[in-house]
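A.B. asks: Sequence first, then the predicted structure:
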Amino acid sequence: MLTDYHNHLERGTLTLEYLKRFTDEARRKNIDHFGISEHAYHFYQTADILSNPWVEERRFYDMKDYTALFQKAWSEGIDVKMSIEMDYTPGKHREMEQFIKSYDFDYVIGSIHWVEDFGIDLKEYIHEWDKRDLHDTYTKYYDQVVTLAESNLFDIIGHLDLVKIFNYIPEDEEFLMQQFERAAEALSRSKTCVEISTAGLRKPVNKLYPDERLLKLCFDKGVPIVLSSDAHQPQDVGADYDQAVALAKKTGYETIMTFSKGERTPVPIG
């Protein structure tokens, strides 16, 4: 079986017509388990979790409209999972937990896009990479991976090594492996699955998330996986899945996790 649990409607509309363009593409690509996980920062209900000028310009959804869209889809027999991608925000565990428990999500993705005030994956902030100490940014990023896992709030961690997106990667392999090791160890003690995401192939780094060495550590420590495309437009659903499946099998994985209302079931890959 195949999953694609990380997808966004934000470039279109919260309408059944637009949603069906995604689910139709998933069906065309033989994806058995498909979900939408809109960015939580778009919703007014998350204003107490993450707030900065960049985010506030993009907060335009209400959760009642989001949940109503899924209810309408389910009433018409459309098989789509309801999720959210939440920016893991240090110091906001109580607020994140309260938001997550307020809705009947099939699963919840936690991702790290901010290191303090630095939007690491945003083109608007790309100039900051040359101003900051690379090892410091990586250390702080993986500090958040560890505490995200320790929070046990999330079913999936999104694009685990997103920090490499613009190809700013430490040359010190020992340092990098230390970060990988502590991330994998923390994840192994949590309920959090890792996604193999093909989105990196559409970014400047032109690589899958996560790095093969990091994924192998996750496999060795028993961390489950899902497959995701992080599609922001319908045609990217299930993109480059041959590479994602190949990486999963190369690192030893034979199963992926599926979700339904928080319940998880491992199934064979492919």
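C.D. replies: Yep, that arrived.
A.B. asks: And the helices in the stretch 1-150 of the chain?
C.D. replies: Using DSSP state H, counting those that start in this stretch, the helices found in the stretch 1-150 of the chain span residues 16-28, 53-56, 63-75, 93-101, 134-151.
A.B. asks: Can you report how many residues neighbour residue 169?
C.D. replies: With neighbours defined by other CB atoms under 10 Å, the count for residue 169 comes to 15. Glycine gets a C-beta too; all of them are placed from N, C-alpha and C.
A.B. asks: Mind checking what secondary structure it has?
C.D. replies: Assigned state for residue 169: coil (three-state reduction, DSSP: H, G, I helix; E, B strand; the rest coil).
A.B. asks: same deal with the one 10 residues further on?
C.D. replies: Secondary structure state of residue 179, per three-state DSSP, is helix.
A.B. asks: List the contacts of the residue nearest to it when sequence neighbours are not counted.
C.D. replies: In space, and not counting its chain neighbours, residue 179 is closest to residue 142: 4.2 Å by CB to CB, 6 or more residues apart in numbering. Going by CB atoms under 8 Å, 6 or more residues apart in numbering, residue 142 touches 163, 179, 182-183.
A.B. asks: try residue 218
C.D. replies: Applying CB under 8 Å, 6+ apart to residue 218 gives the contacts 184, 187-188, 194, 210, 225, 251.
A.B. asks: and if we set it to 7 Å?
C.D. replies: Shown in contact with residue 218 (CB atoms under 7 Å, 6 or more residues apart in numbering): 184, 187, 194.
A.B. asks: now do residue 261
C.D. replies: Applying CB under 7 Å, 6+ apart, we find residue 261 in contact with 104, 106.
A.B. asks: center of the protein - which residue?
C.D. replies: By CA atoms, centre = their mean, the chain has its centre lying nearest to residue 158, at 2.3 Å.
A.B. asks: What distance do you get for it to residue 237?
C.D. replies: Noted for residue 158: a distance of 16 Å to residue 237, by CB to CB, to the nearest Å.
A.B. asks: Run through the residues that contact the residue nearest to the centre of the chain.
C.D. replies: Residues near residue 158 by CB under 7 Å, 6+ apart: 6, 85, 109-111, 195.
A.B. asks: Go through those residues and say which is closest to residue 62.
C.D. replies: Nearest to residue 62 among these is residue 85, at 17.1 Å by CB to CB.
A.B. asks: which stretch among the helices of the stretch 1-150 of the chain comes nearest residue 116?
C.D. replies: Of those, nearest to residue 116 by CB to CB is helix 134-151, at 7.0 Å.
A.B. asks: what about dumping the CA coordinates of that closest one to CSV?
C.D. replies: The C-alpha trace of helix 134-151 is given here as CSV (Å, rounded to 0.1, in the frame of the first residue of the first chain):
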residue,chain,number,x,y,z
LEU,A,134,25.5,27.0,10.6
HIS,A,135,26.3,24.6,13.5
ASP,A,136,24.3,26.8,15.8
THR,A,137,21.3,26.7,13.5
TYR,A,138,21.5,23.0,13.1
THR,A,139,21.9,22.4,16.8
LYS,A,140,18.9,24.5,17.6
TYR,A,141,16.9,22.9,14.9
TYR,A,142,17.6,19.4,16.2
ASP,A,143,17.0,20.5,19.7
GLN,A,144,13.4,21.1,18.6
VAL,A,145,13.3,17.7,16.9
VAL,A,146,14.1,16.2,20.2
THR,A,147,11.6,18.1,22.2
LEU,A,148,8.9,17.6,19.5
ALA,A,149,9.4,13.9,19.9
GLU,A,150,9.5,14.1,23.7
SER,A,151,6.2,16.1,23.7
